[in-house]
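okay, predicted coordinates and the sequence, questions at the end:
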Amino acid sequence: MSVDDDRYISAYYLYREGDPAAIKTAHRTAFDDNPEWDWDPPFLRTAFGNVSIGCEDIAAEMTGMDHPDNYTYEGAETWDLFETPLCEYFLKSEHDLGTPDLVGQFADMIAVGYEATDDTPLAAHAESPAVRAAAHTTDTPPFTAQSLAHDEYERLSWITIFTPPVVETYGRETLLSAPAWETRELDDGAVLVIAYGDPHDPDRERYEAVAEHIGIEAY
């Protein structure tokens, strides 16, 4: 994947521990009984394009994690993300996310992935190309070991799932009332925030307003 390509979109789910192969299987099977999706290995076939699902260690996959300080933190407990399982949904460049309906279906997929495993992720987000480029430029990913240790995010992504502990940090009503393109509460109390509607034409004013409302940095 080239960071210069302005079409690729990835979604990430970070876990504190677990077997990457088992996590990948759980994500793939989460779509088996859902008529909205067609799992046709190696892709999840969707209305907006073909999605591949994989799981590796975070050091191999995560955008913006180049600086080693992003991986470790010594606080009340030690956080070490060098071999932390990270599941990636990769949407190829030949996709169509040009309408609100399809962006909504993409968010539906993100929500299914969040609920795919018995142990829910520590963090989850989807990158627009602008977010990915900024993360590479600044070496600042949406979350780090230090931010996760404090139930916080470093930066707001295009789509961000605030897990229940992170919801406690920022406030449920604050998140749900953000001036975002869409906010929704998931079954376990997590909150999904879509900052802007078109991943290829970000509404910068809206994005910054959402970040300021929540109390988090924008890219």
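Sure thing, it's come through. Residues are numbered from 1 along each chain as shown.

from here on, contacts and neighbour counts on C-alpha atoms
Will do.

where exactly do the helices run in the chain?
Ranges of helices in the chain, per DSSP state H, are 20-29, 58-61, 100-114, 129-138, 145-149, 164-170, 172-176, 204-214.

which residues touch the first one?
If I follow you right, that is helix 20-29. Trp39, Ile53, Gly54, Cys55, Glu56, Asp57, Pro85, Leu86, Cys87, Gly113, Ala116, Thr117 (CA atoms under 8 Å, 6 or more residues apart in numbering).

one more time with 10 Å
15, 17, 39, 41-44, 52-57, 83-89, 112-119 (CA atoms under 10 Å, 6 or more residues apart in numbering).

partner strands of the longest strand along the chain, with direction?
Secondary structure of the chain per DSSP state E: the longest strand is strand 49-57. Strand 49-57 has these partner strands in its sheet, going by DSSP bridges: strand 43-46 (antiparallel), strand 85-91 (antiparallel).

with just CA atoms, put the first one into CSV.
In other words, strand 43-46. Extracted C-alpha coordinates of strand 43-46, given in CSV (Å, rounded to 0.1, in the frame of the first residue of the first chain):
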residue,chain,number,x,y,z
PHE,A,43,-12.8,-10.7,0.4
LEU,A,44,-15.9,-9.5,2.1
ARG,A,45,-18.0,-8.4,-0.8
THR,A,46,-20.0,-5.2,-0.1
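
coming back round to it: mind listing what's buried in the longest strand of the chain?
Residues Gly49, Asn50, Val51, Ser52, Ile53, Gly54, Cys55, Glu56, Asp57 are the ones in strand 49-57 that count as buried (16 or more other CA atoms under 10 Å).

and the angle for it with helix 20-29?
Strand 49-57 runs at 160 degrees relative to helix 20-29, counting by axes from the mean of the first three to the mean of the last three CA atoms, to 10 degrees.

quick one: strand 49-57 to helix 100-114, angle?
Using the same axes, to 10 degrees: strand 49-57 against helix 100-114 is 30 degrees.

using CSV, list the CA coordinates for strand 49-57.
Taking C-alpha atoms only, strand 49-57 is exported to CSV below (Å, rounded to 0.1, in the frame of the first residue of the first chain):
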residue,chain,number,x,y,z
GLY,A,49,-16.2,-2.5,-2.7
ASN,A,50,-14.1,-5.5,-1.7
VAL,A,51,-12.7,-5.6,1.9
SER,A,52,-9.9,-7.9,3.0
ILE,A,53,-9.6,-8.8,6.7
GLY,A,54,-6.3,-9.6,8.3
CYS,A,55,-4.7,-9.6,11.7
GLU,A,56,-1.0,-9.1,12.5
ASP,A,57,1.0,-7.5,15.3
